[in-house]
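Enquirer: predicted model and sequence below, questions to follow.
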Amino acid sequence: MKKRQQKNTEKAVAIKYDKELDVSPKVVAKGEGFVASKIKEEAMRFGVPIYRDDDLVNLLAQVEIDREIPSDLYASVAEILSWIYKANNEIKKETF
């Protein structure tokens, strides 16, 4: 009997952080396959930078939507938010 090869299913998690309103970042969308593709498509459409980290997406995918991320993921998410902040600043420089 042949073993069926498992394909790596595309995954995506969207997080949101508003320093005025939130204590910590929240998971606002997550999904696999088609849903992950739509999340990424919407991010690109609105100019939201996409950061790939397969291990982190697997951990964040365990968080319920509209829930804050667990404190043990703060450092990893802070690195991503820093990267996004820098990417946004580069985009602003290019458009002026």
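Expert: Sure, I can see it.
Enquirer: give me the spatial nearest neighbour of Tyr51, chain neighbours excluded.
Expert: Ile80 (5.0 Å; C-beta to C-beta, 6 or more residues apart in numbering). Backbone N, C-alpha and C define where each C-beta goes, glycine included.
Enquirer: what helices and strands are in contact with whichever strand or helix holds that neighbour?
Expert: Ile80 belongs to helix 74-95 when assigned by DSSP states H and E. Judged by 3 or more C-beta pairs under 8 Å, 6 or more residues apart in numbering; DSSP states H and E, the packing partners of helix 74-95 are helix 54-60.
Enquirer: residues in contact with the helix it packs on?
Expert: With C-beta atoms under 8 Å, 6 or more residues apart in numbering as the test, helix 54-60 has contacts from Lys11, Ala12, Val13, Ile15, Val27, Lys30, Ile69, Leu73, Ser76, Val77, Ile80.
Enquirer: which among those residues gets closest to Leu21?
Expert: Sorting the contacts of helix 54-60 by distance to Leu21 puts Ile15 at the head of the list, at 13.9 Å, by C-beta to C-beta.
Enquirer: identify the bridge partners of that closest one.
Expert: With DSSP bridges as the criterion, Ile15 is bridged to Val27.
Enquirer: and the helix holding Ile80, how far from the chain's centre?
Expert: Helix 74-95 has its C-alpha centroid displaced from the chain centroid by 13 Å (C-alpha atoms, centre = their mean, to the nearest Å).
Enquirer: can you pull the buried residues of that helix?
Expert: Across helix 74-95, burial judged by 16 or more other C-beta atoms under 10 Å covers Val77, Ile80, Ile84.
Enquirer: okay then, goodbye and thanks.
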